[in-house]
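K.L.:
predicted structure and sequence below. I'll ask about it afterward.
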Amino acid sequence: DAKTTQPNSMESNEEEPVHLPCNHSTISGTDYIHWYRQLPSQGPEYVIHGLTSNVNNRMASLAIAEDRKSSTLILHRATLRDAAVYYCILRSRKAAGNKLTFGGGTRVLVKP
Amino acid sequence: NAGVTQTPKFQVLKTGQSMTLQCAQDMNHEYMSWYRQDPGMGLRLIHYSVGAGITDQGEVPNGYNVSRSTTEDFPLRLLSAAPSQTSVYFCASRWGLDTEAFFGQGTRLTVV
């Protein structure tokens, strides 16, 4: 599986944007970029995913570099509820079954 | 909408005991998985299933068995509990390979 590299932690002020980087220099052409987050004492929650083009949904935006070796998850206006660990995951269409390979993630702290 | 339901939420076992962690989903998803999460770490895949009657091993399958007799249910059995199996266990389901995964709230297991 291709690996991802994320900063261990980031801080943000409430109602300000948060940009979470993810490096995946060994990404292959069949790998989708998935983001999940995990709030304290809860199961992971899907945020967004994409392949090549930038993606937007009600929770966040995903900006994918042209060479696909990095991506950035953008939370447009952080709230206290966005404090969580955010995982950047590559998922290959060729991978057997249902595997999502979770790394260490980025712990996001939101200050009021 | 119940989503993915895991029972029990908490369990304490003695070394050598066996038990079954239950997972049920009501979304008619084909893909189901079991993960474990140790303190301060990401999730690791134990077993997964791509449909009723089909299961396969993930990264850390030793000490666990699964079966998938129906689309809705995917129980995880601990054959002979060991302290190394103390962890939080998450069940997940998804409709297709590149769709979002839904996670249960987790089962916190302590083996003494």
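P.N.:
Done, it's in. Numbering: from 1, shown residues only, chains lettered A, B, ... in the order given.

K.L.:
for chain A, what are the nearby residues on chain B?
P.N.:
B:4, B:31-33, B:35, B:41-45, B:48-50, B:56, B:58, B:90, B:92, B:94, B:97-98, B:100-106 (Cβ under 8 Å from any Cβ of the partner chain). All C-beta atoms are positioned from the backbone trio N, CA, C, and that covers glycine.

K.L.:
do that again at 7 Å, thanks
P.N.:
Within reach of chain A by Cβ under 7 Å from any Cβ of the partner chain, chain B has these residues: B:31, B:33, B:42-43, B:45, B:48, B:50, B:56, B:58, B:90, B:94, B:97-98, B:100-101, B:103-106.

K.L.:
just the buried ones from those residues?
P.N.:
Using 16 or more other Cβ atoms under 10 Å in any protein chain shown as the burial test, the residues of chain B next to chain A include B:31, B:33, B:42-43, B:45, B:48, B:50, B:58, B:90, B:94, B:97, B:101, B:103-106 as buried.

K.L.:
now go through these and say which are in strands.
P.N.:
Using DSSP state E, B:31, B:33, B:43, B:45, B:48, B:50, B:90, B:94, B:103 are the members of these that sit in strands.

K.L.:
of the buried ones among the residues of chain B next to chain A, the lowest pLDDT goes to which?
P.N.:
Among those, B:Leu97 has the lowest pLDDT, at 73.

K.L.:
quick check: which ranges of chain B have low pLDDT?
P.N.:
Low-confidence regions of chain B, defined by pLDDT under 70, span residues B:1.

K.L.:
which residues touch the residue lying closest to A:Leu100 once chain neighbours are set aside?
P.N.:
Nearest residue to A:Leu100, sequence neighbours excluded (Cβ to Cβ, 6 or more residues apart in numbering or on different chains): A:Ile89, at 5.2 Å. By Cβ atoms under 7 Å, 6 or more residues apart in numbering or on different chains, A:Ile89 lies in contact with A:4, A:34, A:36, A:100-102.

K.L.:
okay, A:Ile89 and B:Leu78: tell me how far apart.
P.N.:
Distance check for A:Ile89 against B:Leu78: by Cβ to Cβ, to the nearest Å, it reads 26 Å.
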